[in-house]
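Peer 1: got a structure for you, letters missing:
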């Protein structure tokens, strides 16, 4: 029995007819909304070529290109902080020792509860009073990375807990230590489980870089605000920025799918030897 049949009953003739009707109505509604938006833009003159001419100027394209690069740098910086710190916090929270578990839990819950914007304000106004005044890039990247790390810690922990306990017990049976079992057996499998959640968090990190306006960091949204102030083409500018964000999210999803295939290929290519104590079962 397939997974779909196990979760859902097979649709009969009436159900298929209702599904088809609802699908047609939904498509008509979506097309109608797009047509209405197009009519409103057209009637107000927002689709006139003169309104879009400024956005296709070489200087404007270079300006938005630099803004896109800054957005990418901020997202990569936040990921460079969030991924290893999130994994470290997840390991701490999974630890049997209360000396590691409770501090890790406190850090995770604190940064999950506090909004990113509040952490940015702390870096902007509170820390400089105590002599801590990093560059505007770090005032944006560190708060995003800290909040992402708290979320990623729970994602990694959920992936580890989702695996059968027999995985760790089998690794211990062949002589692996706890760190070896986690690195070679448990974490690679947990990573495949949490890839969809990691993609969602990557998208959130990219969108959180829009807080760059708070610290005057020239990412996409901040640059768009400057562009609107200079040209007055609000709708056109933000439509272009919206398309850029959509393309970024599609690229992230495609990279995640490729990573999933690579991990699946590596997992399928591993050779397993006899379970001899003191010898790794994975080659």
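Peer 2: Nice, thanks for sending it over. Everything numeric in this text was worked out from a predicted model, so none of it was measured.
Peer 1: Pull the contacting residues for the residue minimising distance to the centre of the chain.
Peer 2: Central residue of the chain (CA atoms, centre = their mean): residue 202, 1.6 Å from the mean position. Taking CB atoms under 8 Å, 6 or more residues apart in numbering, we find residue 202 in contact with 75, 79, 252, 256. In short, each C-beta sits where N, CA and C put it, glycine included.
Peer 1: quick one: the last one from residue 265, how far?
Peer 2: Distance of residue 256 to residue 265, given as CB to CB, to the nearest Å: 15 Å.
Peer 1: Compare neighbour counts for these two and give me the winner.
Peer 2: The neighbour comparison of residue 256 against residue 265 (other CB atoms under 10 Å) goes to residue 256, with 17 against 9.
Peer 1: Quick check: nearest residue in space to that one, chain neighbours excluded?
Peer 2: Nearest non-adjacent residue to residue 256, counting by CB to CB, 6 or more residues apart in numbering: residue 199, 4.2 Å away.
Peer 1: Lowest pLDDT pick from the contacts of residue 202?
Peer 2: Lowest pLDDT within the contacts of residue 202 is found at residue 256 (77).
Peer 1: okay, now the domains of the protein?
Peer 2: Following automatic domain parsing, one finds the domains of the chain at 1-44, 53-269.
Peer 1: Which one of these has the poorest average confidence?
Peer 2: When I compare those, domain 1-44 is least confident, with a mean of 74.
Peer 1: So what touches stretch 70-85?
Peer 2: By CB under 8 Å, 6+ apart, stretch 70-85 touches 137-138, 140-142, 144-149, 152-153, 201-202, 205-206, 208-209, 212, 217-220, 223, 248.
Peer 1: Give the buried residues for it.
Peer 2: 70, 71, 74, 75, 77, 78, 79, 81, 82, 83, 85 (16 or more other CB atoms under 10 Å).
Peer 1: Secondary structure element holding the third one?
Peer 2: Going back to what we said before, that points to residue 74. Counting by DSSP states H and E, the element that carries residue 74 is helix 58-94.
Peer 1: Please produce a markdown table containing the contacts of residue 202, extended by distance to residue 65.
Peer 2: As requested, these are exported to a markdown table (distance: CB to CB, whole Å):
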| residue | distance to residue 65 |
| --- | --- |
| 75 | 16 |
| 79 | 21 |
| 252 | 19 |
| 256 | 25 |
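Peer 1: Closest to residue 27 out of those?
Peer 2: Among these, residue 252 lies closest to residue 27 (CB to CB), at 27.1 Å.
Peer 1: Count residues in the vicinity of that closest one, would you?
Peer 2: Residues near residue 252, counting by other CB under 10 Å: 18.
Peer 1: That one reaches residue 199, doesn't it?
Peer 2: Yes - at 6.2 Å, residue 252 counts as touching residue 199 under the criterion of CB atoms under 8 Å.
Peer 1: list the contacts for residue 237?
Peer 2: Counted by CB under 8 Å, 6+ apart, residue 237 has contacts 55, 224, 227, 228, 231.
Peer 1: give me the element it is part of.
Peer 2: Short version: residue 237 belongs to helix 234-269, going by DSSP H and E.
Peer 1: Give the buried residues for that helix.
Peer 2: For helix 234-269, the neighbour count (16+ other CB under 10 Å) marks 236, 237, 240, 241, 244, 245, 248, 252, 256 as buried.
Peer 1: Quick check: closest non-adjacent residue to the third one.
Peer 2: Of all residues not flanking residue 240 in the chain, residue 55 sits nearest, at 5.9 Å (CB to CB, 6+ apart).
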